[in-house]
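**Q** Take this sequence and fold it.
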Amino acid sequence: MWFRRDLRLSDHPALSAACATGRPVIPVVIRDAQVDALGAAPKWRWGLGVSHLGETLKGAGSRLICRSGDALEVLEALIRDTGAGAVYWTRLYDPQAVARDTKVKSTLKEAGIEARSFGGHLMFEPWTTETKTGGFYKVYTPFWRSVKDRDVDAPLITPGQIATPQDWPASEDIADWALGAAMNRGADIVRPHVRLGESAAQSRLGAFIAHRVASYDTGRDLPATDGTSNLSENLALGEISPHQCWHAGMRAMHEGKPGAETFLKELVWREFAYHLMHHTPHILDGNWKPDWDAFPWNTDDTSEVMSWKQGRTGIQFVDAAMREMYVTGRMHNRGRMIVASYLTKHLLTHWKVGQSWFDDCLIDWDPAANAMGWQWSAGSGPDATPYFRVFNPVTQLDKFDKNRDYVSRWIAEGRRNKHADAQAYFDAIPRSWGLSPDDTYPDPVVPADQGRKIALSAYENRGF
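**A** The predicted structure follows:
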């Protein structure tokens with residue numbers, strides 16, 4: 001049983017099918033080139049999740065075998081060592097994973113080994129949702145309408161027993177992989193904000209449905225309020241399944257909780273990102289709308305871009321959101337839209353610069369969601385509202401953080417009573433930045449009211 005981004009035992013179709021065979025099951029995780037290519041925070045968080053899965057399996061009377069190397073070569077070696085006749089796994093959908101898994105499946109089958117991939121990472125396989133004319137959806141709202149009444153498989157229970165082999169193959173020690181090395185001192189700052197593993201994810205879901213889903217419509221937009229599910233980190237690594245979240249949301253909706261449908265729509269927004277990645281994989285590394293290929297984005301690491309990365313733009317909403325990411329590993333969704341709009345429109349910087357930075361910094365990193373989010377904000381992606389949406393980060397702050405509670409939590413400069421989280425930012429960032437909570441807060445690198453004029457002027461000059 002090859003685990004990847006499905007680090008749970010409950011509602012796990014591949015694991016359940018493996019256990020149902022009655023044969024011994026050998027759980028395996030492989031550190032291959034695709035793991036090594038992950039950014040600092042995603043790689044570290046994946047390592048934490050894998051270690052926790054190992055403890056969970058141990059508690060269930062099994063164990064996790066860790067190997068490093070080319071995935072196919074590792075699996076072939078394990079098959080030789082153990083006499084295994086089958087390999088099961090949960091499907092992933094990014095092009096690199098698809099290419100790897102296709103090669104693994106075909107090679108193993110040619111050798112007479114049963115090789116099966118299963119769903120579980122998504123509620124709807126991307127190829128099963130089509131428009132009335134047979135194409136794929138390019139706009140979210142029609143996509144939502146097409147799937148909202150579809151049956152979603154009921155979650156599977158945790159296997160009662162995972163049969164074990166008489167002899168276990170050798171395993172590497174995951175601690176030797178040093179998956180958190182690139183986090184440096186930031187790991188100690190982010191770690192208290194991690195909610196690790198399947199049990200924590202289930203508790204998060206339960207608390208959200210019980211206490212916050214009813215006010216989700218408005219609460220999700222207030223960054224100073226704990227108004228969201230906070231499940232993005234767990235969904236990204238499969239520590240909880242979307243099916244489990246969906247059915248909990250449906251129960252809440254049937255109970256009359258007003259924010260439940262909006263929560264279901266957000267789950268489908270995640271599905272939409274994967275739908276687009278499957279049908280238009282260039283969304284990961286190129287403009288989804290080809291008209292943007294000729295746009296003269298800035299791609300250099302200018303002083304303005306560096307100010308954005310450091311959370312020192314002088315725009316409070318942008319800076320607070322960036323600092324939240326460095327301390328917690330995540331960023332409020334409203335903040336993500338603001339910082340992305342500011343980078344791509346106020347600073348006219350390519351969305352790939354921001355995408356790459358988030359790839360390195362987010363513990364809830366997801367390839368499809370990150371790419372679609374950045375392109376949606378930049379105007380080059382699947383947005384029903386055209387490019388001229390330019391968020392004003394000051395009026396947005398007035399609307400969603402009127403009392404500046406969010407700003408006060410994350411920005412230390414110029415404040416006598418500095419919040420602990422605001423000070424933690426300075427412990428998380430690279431020392432080479434040379435920043436201190438006693439620094440003077442900077443003037444805006446691009447004032448908020450100039451951003452729309454700058455962006456629209458650039459767009460008009462290119463004929464948009």
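
**Q** can you confirm S117 is in a strand?
**A** Yes - counting by DSSP: H, G, I helix; E, B strand; the rest coil, S117 falls inside a strand.

**Q** ok, which stretches of the stretch 1-150 of the chain are helices?
**A** 13-20, 33-36, 40-59, 71-82, 95-110, 140-147 (DSSP state H, counting those that start in this stretch).

**Q** same for the fourth one, what does it pack against?
**A** Looking back up the chat, that one is helix 71-82. Counting contacts by 3 or more Cβ pairs under 8 Å, 6 or more residues apart in numbering; DSSP states H and E, helix 71-82 is packed against strand 28-31, strand 65-68, helix 95-110. Any C-beta I mention is one placed from the backbone N, CA and C, and that applies to glycine too.

**Q** Of all the ones you listed, which one comes closest to K418?
**A** Each of the helices and strands packed on helix 71-82 has some distance to K418 by Cβ to Cβ; the shortest is strand 28-31, at 39.8 Å.

**Q** Tell me which other helices or strands the closest one touches.
**A** strand 2-3, strand 65-68, helix 71-82.

**Q** Any stretches of the stretch 251-400 of the chain with poor pLDDT?
**A** Residues of the stretch 251-400 of the chain that meet the criterion pLDDT under 70 lie in 384-388.

**Q** Mind jotting down where the strands sit in it?
**A** Assigned strands in the stretch 251-400 of the chain: none (criterion: DSSP state E, counting those that start in this stretch).

**Q** and the helices and strands packed on helix 71-82 as a markdown table, adding mean neighbour count and distance to T21?
**A** Output for these, formatted as a markdown table (neighbours: other Cβ atoms under 10 Å; distance: least, Cβ to Cβ, whole Å):
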| stretch | mean neighbour count | distance to T21 |
| --- | --- | --- |
| strand 28-31 | 23 | 16 |
| strand 65-68 | 20 | 18 |
| helix 95-110 | 15 | 16 |
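
**Q** Now render these as CSV, adding distance to M331 and mean pLDDT.
**A** Below are the helices and strands packed on helix 71-82 laid out as CSV (distance: least, Cβ to Cβ, whole Å; pLDDT from 0 to 100):
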stretch, distance to M331, mean pLDDT
strand 28-31, 27, 98
strand 65-68, 31, 98
helix 95-110, 25, 98
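
**Q** Contacts for stretch 21-29, please.
**A** Identification of contacts with stretch 21-29 by Cβ atoms under 8 Å, 6 or more residues apart in numbering yields 1-4, 15, 18-19, 50, 53, 57, 62-67, 74-75, 78, 82, 84-86, 162-166, 168-169, 174.

**Q** got it, and stretch 160-178?
**A** By Cβ under 8 Å, 6+ apart, stretch 160-178 touches 15, 19, 22-27, 29, 31, 47, 50-51, 54, 57, 60-68, 78, 81-82.

**Q** coming back round to it: would you mind giving me the ChimeraX syntax to select the buried ones in the contacts of stretch 21-29?
**A** Of the contacts of stretch 21-29, the buried ones go into a single ChimeraX selection, burial set by 16 or more other Cβ atoms under 10 Å:
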select :1,2,3,4,15,18,19,50,53,57,62,63,64,65,66,67,74,75,78,82,84,86,162,169,174
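
**Q** Just give me the neighbour total for L231.
**A** 23 (other Cβ atoms under 10 Å).

**Q** Can you name the residues that contact it?
**A** So L231 contacts A201, R204, L205, F208, I240, C245 (Cβ under 8 Å, 6+ apart).

**Q** What of A252?
**A** By Cβ under 8 Å, 6+ apart, the neighbours of A252 are I209, V213, A214, A260, F263.

**Q** Can I get the helices and strands packed on strand 28-31 in CSV including distance to R389?
**A** What follows is these, written out as CSV (distance: least, Cβ to Cβ, whole Å):
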stretch, distance to R389
strand 2-3, 40
strand 65-68, 45
helix 71-82, 41
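
**Q** Pretty sure T107 sits against L72.
**A** Yes - assessed by Cβ atoms under 8 Å, T107 is found in contact with L72 at 5.9 Å.

**Q** which stretch among the helices of the stretch 1-150 of the chain comes nearest D319?
**A** helix 40-59 (19.1 Å).

**Q** which SS state does the residue located most distally from the centre of the chain fall under?
**A** Relative to the centre of the chain, and counting by Cα atoms, centre = their mean, the farthest-placed residue is Q166 at 38.1 Å. Of the three states, Q166 takes coil under three-state DSSP.

**Q** rewinding a little: out of the helices of the stretch 1-150 of the chain, which comes closest to F272?
**A** Of these, nearest to F272 by Cβ to Cβ is helix 140-147, at 5.1 Å.

**Q** what's the offset of that closest one from the middle of its chain?
**A** 22 Å (Cα atoms, centre = their mean, to the nearest Å).

**Q** cool, stretch 66-76 as well?
**A** 25 Å.

**Q** can you check stretch 53-71 too?
**A** Distance of stretch 53-71 from its chain centroid, counting by Cα atoms, centre = their mean, is 23 Å.

**Q** Repeat that for stretch 268-284.
**A** 13 Å.

**Q** just to revisit the earlier point, pipe the helices of the stretch 1-150 of the chain into JSON lines and attach distance to G379 per row.
**A** Output for those, formatted as JSON lines (distance: least, Cβ to Cβ, whole Å):
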{"stretch": "helix 13-20", "distance to G379": "38"}
{"stretch": "helix 33-36", "distance to G379": "30"}
{"stretch": "helix 40-59", "distance to G379": "26"}
{"stretch": "helix 71-82", "distance to G379": "37"}
{"stretch": "helix 95-110", "distance to G379": "24"}
{"stretch": "helix 140-147", "distance to G379": "15"}
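
**Q** Please identify which of the ones you listed is closest to D439.
**A** Comparing the helices of the stretch 1-150 of the chain under Cβ to Cβ, the one sitting nearest is helix 40-59, at 24.7 Å.

**Q** what residues does that closest one touch?
**A** Contacts of helix 40-59 (Cβ under 8 Å, 6+ apart): 3, 5, 7-9, 27, 29, 35-36, 38, 63-64, 66, 162, 174, 177, 179-180, 182-183, 186-187, 190, 194, 196-198, 233, 237, 239, 329, 359-365.

**Q** Can I have the buried ones of these as a ChimeraX selection?
**A** The ChimeraX selection below is limited to those of the contacts of helix 40-59 classed as buried (16+ other Cβ under 10 Å):
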select :3,5,7,8,9,27,29,35,38,63,64,66,162,174,177,179,180,183,186,187,190,194,196,197,198,233,237,239,329,359,361,362,363,364,365
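
**Q** ok so, going back, return the per-residue confidence for the residue farthest from the centre of the chain.
**A** At Q166, the model reports a pLDDT of 95.

**Q** Sounds good, over and out.
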